[in-house]
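> Turn this into a structure:
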Amino acid sequence: MKYEFTYDERLGIELPVLHVEWDALTEAEQSRLLHDWERIRGRIPDRIMQLERSIVDKQNRLNGEDDFPASCRLNTEIAELASCITDLHLWFRADQDVSVKGHY
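Numbers count the residues shown, from 1 in each chain. The predicted model follows:
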């Protein structure tokens with residue numbers, strides 16, 4: 001297998017993994033990979049909205065939290081979710097060819 005898509009638990013989507021250089025793929029393989037990636041890429045906005053809802057929920061909980069360690073934990077969780085959103089934006093905005101070649 002020259003490439004595959006593996007599920008990234010942190011981001012909640014599958015990401016392309018090339019086992020050979022991009023240029024070693026045939027034109028048909030490149031086309032199939034990009035087609036599959038576009039299908040996955042199309043779900044990124046929904047995943048971002050899901051994470052944003054989680055952030056809002058945690059922020060609301062944080063507003064009423066009096067326990068300092070619990071507040072720190074919520075802040076850490078919010079920061080991690082925000083980091084995931086940033087990474088998803090990068091994957092979403094990357095040019096098709098560049099996103100596959102540039103990350104693997």
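
> my guess is Arg47 meets Arg10, correct?
No. When contacts are counted by Cβ atoms under 8 Å, Arg47 is not listed as touching Arg10 (11.2 Å). Yep, even glycine has a C-beta here, placed from its N, CA and C like the rest.

> who has more neighbours, those two?
Arg47 (18 against 10; other Cβ atoms under 10 Å).

> Break down the protein into its strands, ranges please.
For the chain, the strands defined by DSSP state E cover 3-8, 13-18.

> tell me what the last one is packed against?
Yep, that's strand 13-18 we're talking about. Identification of packing neighbours for strand 13-18 by 3 or more Cβ pairs under 8 Å, 6 or more residues apart in numbering; DSSP states H and E yields strand 3-8, helix 27-41, helix 68-93, helix 96-103.

> how much space between the residue of the chain positioned farthest from its centre and Glu14?
The outermost residue of the chain, judged against the average C-alpha position, is Asp66 (32.4 Å), by Cα atoms, centre = their mean. According to Cβ to Cβ, to the nearest Å, Asp66 stands 41 Å off from Glu14.
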